[in-house]
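Student: Kindly generate the corresponding structure for this input.
(4 chains)
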2 protein chains.
Amino acid sequence: MADLLSVAKLAGVSRATAARAFSNPDLVRPATRERVFNAAQQLAFRPNKVAQQLRSQATQMIGVMVPSLDNPVFAEQLQAMEVAARASGYSLIVTTSEYSPSREGDIVEEMLRQRVDGLVLTVAEADSSAVLEKLRLEKTPCLLVYNPPGNSGFPSIGVDNRAASADATRYLITLGHQRIGMVAGPLLQSDRARQRFDGYCHAMREAGLIARPLVEMTRHTQADLKSLTPALQGPEALSAVICTNDLLAISLMGELQRAGFNVPGDLSVMGFDGIALGKHLYPSLCTIEQPRADIGRTAVHTLLAMIRGEKCTPAPLPHALRKGESVGIPASRKSTLSTL
Amino acid sequence: MADLLSVAKLAGVSRATAARAFSNPDLVRPATRERVFNAAQQLAFRPNKVAQQLRSQATQMIGVMVPSLDNPVFAEQLQAMEVAARASGYSLIVTTSEYSPSREGDIVEEMLRQRVDGLVLTVAEADSSAVLEKLRLEKTPCLLVYNPPGNSGFPSIGVDNRAASADATRYLITLGHQRIGMVAGPLLQSDRARQRFDGYCHAMREAGLIARPLVEMTRHTQADLKSLTPALQGPEALSAVICTNDLLAISLMGELQRAGFNVPGDLSVMGFDGIALGKHLYPSLCTIEQPRADIGRTAVHTLLAMIRGEKCTPAPLPHALRKGESVGIPASRKSTLSTL
DNA sequence: AGATGCAATGAGATCGATCTCATTTATTAG
DNA sequence: CTAATAAATGAGATCGATCTCATTGCATCT
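Tutor: Now for the predicted structure:
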């Protein structure tokens, strides 16, 4: 690969002048500039970013770590981040952690060695994350996405999970649901899931209803009906459930329907995330829409501001309740209505 | 950030020795080595990859360009690539092209400037791609994913689209379908979609059936029922359709059901890709499963081999027919069966 | 003891671009 | 036409790690 020096030689100038022809053309006499450009053309010169990065002590690279790209929520956010980053001349190094703390640690260390200009992370537990603990001592700007700000000390981009979840619950209550449950992955492992459960509990209590204990599925994004069926039987059978994420909701709907339940007739199902696909299903998924693309864009712009040295305390982004066919009026209420 | 030189000074050795302590510990006396390590510890030394990259003329970075991360097919492949790459000490720079030739060009140029060790690309049309044309002149290893090998001259990882599509068609025929159509995005714009249509036509002709003209939707991954309804009416109404990708199939199912059609009762719907979500829907999506994760892994391993200088002519990966509830026995045949 | 050999270390160049500062060349004023 | 000023260019250092080659130190052998 031709380097600047060979271009300079061919053009009969010094490296400095050749460099200037590109970075500061006004400082170079037009005739000289042309000779340099011609030489560059002939030699198929392509500037070496690695050398520029070393010299300038800036890589124009952002390190991104998400739990998994198999969940469209992260993929859709990443898509927007990539567009925003490139529009600003930045590239993304993308990694996935699967929420494994050791992988999180390795990944971040690797990215710091790569001297990324900043980091955008989504961790399992922002408040108790070893990797964030370590990052607190570093000067590399770091931004969280989806993780609630909490007391991690890092700025965070995302919605107000508690409020969003409360909104979802209130919506179901407004429709007449009273026996509402919440379905989550195992152990309520992420800080977000916990906040969403809190919001649910809050809205239930607020309406004078009893919040049910969490229904835990064996996997984070895939429903197993067995874990839920107990809650669907007897006089206290649930009439609606809120899932802590859309994938869980979608697979739960599938399982329910396959088992002969009607959604929303027998059980209303609500999701959380707002992945694009939910809109196109039948029944379409009623869910809380997190503005994934906006979150991604905002994350990039906020991080770039931090890289420029600005202090950032981003506000939560607005969520929206996306109505959908997976939620209906509870059977009990329907019969009441029909007797009017 | 502490550099090797400061570590060396603190340890009372030269840069060369300090460097050796890390890269070639056996060449350094244990006592000296310890002093270097201690110094590194104290100064929180973190090796600078940029400098290493410049010096070694290798970045251990792979440039990845996919059309979009909003389609799980690419996200799932990327997930696997990331894991495989990191396991081999490589990082991924991830970009999205939206199939725009100008963005493709910019992206690849940018990655070449970054001196990625290799490229993994998915383009719209491998045979007529300007960016591939240019890459043919470069020495940076380049690998295609999902694009049929064709005569682009680049190795390619993916399934045999024509055969896979023919298999899908034959499966429907086996079930008794005869009026089978194919549904695609606008213009049949990708080389894959075209091959899939070819395979469909081939299997139809092979069975003595007439291949219908392609039904074009206005968008690539979202169905509009209006475009399809004409084909669902009259004596020649289709009993089954194959969509060129899963997102299209899923949204089509949704639209059909919303419009009062029964799937598969009134129309069997088949997809192509095998995204994970399809399994969990109801009706579950019958589709051709491309081994997305395997494709991603193989792409990384093949590219690494190419980087090592090996010649690679990867064979197509096996596809599989994933049966699903979205496909059933045609109504005509059912009535025949019931009269037996 | 002197020579031979190996182990351990250091000095300096290198990767490619860019910045500072000095120097040369061109321009304008007097 | 020369002095003063501005414009254009070059020499060399720098970013951080690593490699080659030379040198020092120590031990073994005769």
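
Student: Could you use CA atoms for every contact and neighbour count after this?
Tutor: Fine.

Student: In the stretch 151-300 of chain A, where is pLDDT below threshold?
Tutor: Applying pLDDT under 70 to the stretch 151-300 of chain A flags residues A:187-188.

Student: just the helices in it please.
Tutor: In chain order, the stretch 151-300 of chain A shows helices spanning A:161-174, A:191-206, A:225-228, A:246-258, A:292-307, with DSSP state H, counting those that start in this stretch as the criterion.

Student: How far does the third one sit from its chain's centre?
Tutor: This points to helix A:225-228. Averaged C-alpha coordinates place helix A:225-228 at 28 Å from its chain's average position (CA atoms, centre = their mean, to the nearest Å).

Student: Counting by contacts, list what it packs against.
Tutor: Helices and strands touching helix A:225-228, as assessed by 3 or more CA pairs under 8 Å, 6 or more residues apart in numbering or on different chains; DSSP states H and E, comprise strand A:215-216, helix A:246-258.

Student: in it, what's buried?
Tutor: Neighbour counts using 16 or more other CA atoms under 10 Å in any protein chain shown place A:225, A:228 of helix A:225-228 among the buried residues.

Student: Equivalent analysis for the last one, please.
Tutor: Of all the residues in helix A:292-307, those buried under the rule 16+ other CA under 10 Å are A:292-304, A:306-307.

Student: how close does A:Cys286 sit to DNA strand C?
Tutor: According to CA to the nearest atom of the strand, to the nearest Å, A:Cys286 and DNA strand C sit 51 Å apart.

Student: before we move on, the earlier item: greatest separation within the buried residues of helix A:292-307: which pair is it?
Tutor: A:Arg292 and A:Ile307 (22.4 Å; CA to CA).

Student: wait, doesn't A:Val7 sit right on A:Arg35?
Tutor: No. Between A:Val7 and A:Arg35 there is no contact under CA atoms under 8 Å: 9.4 Å.

Student: Compare these two (neighbour count), which wins?
Tutor: Using other CA atoms under 10 Å in any protein chain shown, the more surrounded residue of A:Val7 and A:Arg35 is A:Val7, with 26 against 19.

Student: residues contacting the residue most central in space within chain A?
Tutor: By CA atoms, centre = their mean, chain A has its centre lying nearest to A:Phe74, at 4.4 Å. Shown in contact with A:Phe74 (CA atoms under 8 Å, 6 or more residues apart in numbering or on different chains): A:66-68, A:292.

Student: B:Asn48: which of these is nearest?
Tutor: A:Val66 (23.8 Å).

Student: A:Thr174 and B:Ala16, how far apart?
Tutor: Distance, A:Thr174 to B:Ala16, using CA to CA, to the nearest Å: 72 Å.

Student: My error: substitute A:Val120 in the last question.
Tutor: Distance check for A:Val120 against B:Ala16: by CA to CA, it reads 35 Å.

Student: beta partners for the residue nearest to A:Thr298 when sequence neighbours are not counted?
Tutor: Nearest residue to A:Thr298 in three dimensions, chain neighbours excluded: A:Ile157, at 7.3 Å (CA to CA, 6 or more residues apart in numbering or on different chains). Here A:Ile157 sits in beta bridges with A:Val145, going by DSSP bridges.

Student: Make sure A:Ile157 is actually in contact with A:Leu317.
Tutor: Yes. If you go by CA under 8 Å, A:Ile157 and A:Leu317 touch, sitting 7.2 Å apart.

Student: Near A:Tyr90, how many other residues are there?
Tutor: 18.

Student: Please tell me how far it sits from B:Tyr90.
Tutor: Remark: distance between A:Tyr90 and B:Tyr90 (CA to CA) = 19 Å.

Student: Kindly report the same for A:Thr174.
Tutor: Taking CA to CA, one finds A:Thr174 at 52 Å from B:Tyr90.

Student: Also A:Gly199?
Tutor: Distance, A:Gly199 to B:Tyr90, using CA to CA: 41 Å.

Student: now swap in A:Glu109 and tell me
Tutor: Counting by CA to CA, the gap from A:Glu109 to B:Tyr90 is 14 Å.

Student: if we can go back for a sec, which one of the buried residues of helix A:292-307 is nearest to B:Tyr99?
Tutor: B:Tyr99 lies nearest to A:Ala293 out of these, by CA to CA, at 18.9 Å.

Student: I'd assumed A:Gln79 was in contact with that closest one.
Tutor: Yes. Here A:Ala293 reaches A:Gln79: they are 7.5 Å apart, a contact under CA under 8 Å.

Student: ok, back up a step: could you tell me the per-residue confidence at the residue nearest to the centre of chain A?
Tutor: Turning to A:Phe74, the model gives it a pLDDT of 97.

Student: What strand or helix carries it?
Tutor: Taking DSSP states H and E as the criterion, A:Phe74 maps to helix A:72-87.

Student: In terms of pLDDT, where does the residue in the stretch 101-250 of chain A positioned nearest to DNA strand C sit?
Tutor: DNA strand C sits closest to A:Arg115 of the stretch 101-250 of chain A, with a gap of 14.7 Å, by CA to the nearest atom of the strand. The model reports A:Arg115 with a pLDDT of 98.

Student: gap between it and A:Pro235?
Tutor: Remark: distance between A:Arg115 and A:Pro235 (CA to CA) = 60 Å.

Student: out of the two, which sits in the more crowded spot?
Tutor: The residue with more neighbours, out of A:Arg115 and A:Pro235, is A:Arg115; 24 against 7, by other CA under 10 Å.

Student: Number of residues surrounding the nearest residue to A:Asn71 once chain neighbours are set aside?
Tutor: Spatial nearest neighbour of A:Asn71, excluding adjacent residues (CA to CA, 6+ apart): A:Leu247 at 7.5 Å. For A:Leu247, the neighbour count with other CA under 10 Å is 26.

Student: Same check on A:Ser102?
Tutor: A:Ser102 has 11 neighbouring residues, counting by other CA under 10 Å.

Student: Count the residues that sit near the closest residue to A:Ala237 other than its chain neighbours.
Tutor: Closest residue to A:Ala237 in three dimensions, ignoring its sequence neighbours and counting by CA to CA, 6+ apart: A:Ala231, at 5.6 Å. Counted with other CA under 10 Å, the neighbours of A:Ala231 add up to 18.

Student: Isn't A:Ala231 up against A:Leu238?
Tutor: Yes. Under the criterion of CA under 8 Å, A:Ala231 makes contact with A:Leu238 at 6.2 Å.

Student: who touches both of those two?
Tutor: Here A:Ala231 and A:Leu238 have no joint contacts, going by CA under 8 Å, 6+ apart.

Student: need the helices of the stretch 151-300 of chain A in TSV with distance to DNA strand C, can you?
Tutor: Below are the helices of the stretch 151-300 of chain A laid out as TSV (distance: least, CA to the nearest atom of the strand, whole Å):
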stretch	distance to DNA strand C
helix A:161-174	44
helix A:191-206	43
helix A:225-228	59
helix A:246-258	46
helix A:292-307	18
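
Student: Reformat those helices as a markdown table; add distance to A:Gln53.
Tutor: As requested, the helices of the stretch 151-300 of chain A are exported to a markdown table (distance: least, CA to CA, whole Å):
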| stretch | distance to A:Gln53 |
| --- | --- |
| helix A:161-174 | 39 |
| helix A:191-206 | 36 |
| helix A:225-228 | 53 |
| helix A:246-258 | 41 |
| helix A:292-307 | 15 |
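
Student: DNA strand C contacts on chain A?
Tutor: For chain A, the residues in contact with DNA strand C (CA under 7 Å from any atom of the strand) are A:1, A:3-5, A:15-16, A:19-20, A:22-23, A:45-49, A:51-52, A:54-56.

Student: still on that earlier bit, of the contacts of A:Phe74, which qualify as buried by neighbour count?
Tutor: Among the contacts of A:Phe74, those buried by neighbour count (16+ other CA under 10 Å) are A:66-68, A:292.

Student: and which of those is nearest A:Val94?
Tutor: Nearest to A:Val94 among the buried ones among the contacts of A:Phe74 is A:Val66, at 7.9 Å by CA to CA.
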